[in-house]
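Q: give me a model of this one.
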Amino acid sequence: MTMKLLILNGPNLNKLGKREPEIYGSGSFDDFFPALQSLFEDVELSYKQSNVEGELINMLHEADELVDGVLLNGGGYTHTSVALADAVAAIQIPVVEIHISNLLTREAFRHNSYLGPVCKGSIMGLGLDGYRLGIESMRMLVKKGSLKK
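A: Predicted structure coming up:
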């Protein structure tokens, strides 16, 4: 059985490559995604992005029925959205929190994550490579038989 994973990016991540390249890098996620897919030909990867909190919540609810796990970069909603955290807590599949930058080295308000406590794990500060590591972590969970939350 092929593992199915959703990569879900939140607000402003559609601006990767243009927005603060010294923090987020110079490439877009759309450019990065095919390379990530080629690394994991045995994993069915899908990708969605939204700047709208309610759309992200709906996508998480839908993912619960369609995929085995989610890699979630909540962007700025990480630090503000109880509703997004509640959506992660409400679904039965595991969610790994991903952040391109190291939140703990940035502004103090970014040190708090509402998502982290309801996620299976968190990866931050490793650039786009964090997404690869997130997929590897989901593979590890499958091997251990602990893909469920």
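Q: list the contacts of residue 103.
A: 78, 110-111, 113, 124-125 (C-beta atoms under 8 Å, 6 or more residues apart in numbering). Heads up, the C-betas are built off the backbone N, CA and C, glycines and all.
Q: count the neighbours of the closest residue to residue 135 other than its chain neighbours for me.
A: Counting by C-beta to C-beta, 6 or more residues apart in numbering, residue 40 is the residue found nearest to residue 135 once chain neighbours are left out, at 5.5 Å. A total of 16 residues lie near residue 40 under the criterion other C-beta atoms under 10 Å.
Q: correct me if wrong: residue 40 contacts residue 133.
A: No - Residue 40 lies out of contact with residue 133 (C-beta atoms under 8 Å); the separation is 11.8 Å.
Q: rewinding a little: in strands only, show me the contacts of residue 103.
A: Counted as lying in strands by DSSP state E, out of the contacts of residue 103, are residue 124.
Q: in TSV: the contacts of residue 103, plus neighbour count, distance to residue 93 and pLDDT.
A: Listed next are the contacts of residue 103 as TSV, based on neighbours: other C-beta atoms under 10 Å; distance: C-beta to C-beta, whole Å; pLDDT from 0 to 100:
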residue	neighbour count	distance to residue 93	pLDDT
78	24	19	95
110	16	26	75
111	11	27	80
113	19	19	93
124	19	21	94
125	14	25	93
